[in-house]
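Asker: Everything below, folded, please.
(one chain, ligands or ions: 1)
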Amino acid sequence: MLSGKVALVTGGSRGMGAAIAHRLASDGADVVLTYVNDEQSARQVATAIGELGRRALAIKADSAEPEAIVAAVRRAASEFGRLDILVNNAGIFGERPLGELTVAEIDRMLAIHVRAALLAAQTTAEYLGEGGRIISIGSNLAERVTGPGITLYATSKAALLGMTKGLARDLGPRGITANVVHPGSTDTDMNPANGPAAEGQRAITALGRYGHPDDVAATVAHLAGPGGRTITGTAVLVDGGANA
Ligand code: NDP
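Answerer: Numbers count the residues shown, from 1 in each chain. Down below sits the predicted model:
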């Protein structure tokens, strides 16, 4: 389905990014992934992709650094000869009482979630052709904030919808789509299904359970594949009905 295509997944070393990288490779794409700290996990994901018979490259690139994210996109395109799919996935979580938020914390989260996603999209767009895809990983908290302390995180994830709609208009004439996937509680290092806050999160879902990273990867794969050709400028919730 994706054979001959090249995907770049930011934060592909663990969690959802790793699942997305593996799924896109299973569907036939060669995959470049970025990471910031966990080189060993990044190498393991690249090795697993290699075992599927696909090409993989892991690049250390801190999304908080504008030059690093732009350089990662350019390196992916130059080493693999093309770029077809961008998945803006790298992210951090942070809960903080509103009154305690510092400028440095605000800048860092917006840099990783918003500035890096926009710079990656802008740079990737130089290489994308007809059928190109830009998919960003937001959060169901962008649309429904379930409690105090997550104003900054929700702000940063909600910004991705405005970005996505703008990209859809900017790039639609070239046959390129842009969408945001909003996961709900998904079992990863960031939000383990057996963590201290898990019960409350599970309780607000309609399905009564956490999602698996593969659930998010399956939605990304659909958007990236031929089935996504007419879906653009929108958000897809993969949240077990938490926002229902
Ligand atoms: P994990 O913490 O499990 O993995 C985070 C990934 O992002 C890792 O690969 C990590 O790299 C990478 N990363 C973090 N910071 C940076 C950075 N500055 N530069 C480059 N890469 C970075 O998180 P999840 O898989 O759970 O989250 C993936 C995305 O989904 C995030 O955007 C998150 O906000 C979002 N999300 C998660 C939900 C959940 O319940 N899990 C719910 C809704 C949204 P390294 O391994 O090197 O540290």
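
Asker: if I pick the spatially most central residue of the chain, what's in contact with it?
Answerer: Geometric centre of the chain, nearest residue: N89, 2.1 Å, by CA atoms, centre = their mean. By CB atoms under 8 Å, 6 or more residues apart in numbering, the contact set of N89 is 9-12, 16-17, 20, 136-137. Where you see a C-beta, it was placed from the backbone N, CA and C, and this is true even at glycine.

Asker: Out of these, which is nearest to H212?
Answerer: M16 (9.5 Å; CB to CB).

Asker: Flag every buried residue along stretch 36-52.
Answerer: 36, 38, 41-42, 45-46, 48-49 (16 or more other CB atoms under 10 Å).

Asker: what's next to it, contact-wise?
Answerer: 11-14, 18, 21-22, 25-26, 31, 33, 35, 55-58, 60-63, 90.

Asker: And stretch 178-196, what's buried?
Answerer: Using 16+ other CB under 10 Å as the test for burial, stretch 178-196 gives 178-188, 191, 193.

Asker: go on, stretch 236-244?
Answerer: Using 16+ other CB under 10 Å as the burial criterion, the residues of stretch 236-244 that qualify are 236-240, 242-243.

Asker: Stretch 68-85 too?
Answerer: Those would be 68-70, 72-73, 75-77, 80, 83-85, for stretch 68-85 by 16+ other CB under 10 Å.

Asker: In helices, which of those residues appear?
Answerer: 68-70, 72-73, 75-77, 80 (DSSP state H).

Asker: close to the ligand, is the helix ranked longest in the chain?
Answerer: If you go by DSSP H, the chain has its longest helix at helix 151-171. No - contact of helix 151-171 with the ligand (CB under 6 Å from any ligand atom) is absent, the minimum separation being 6.8 Å.
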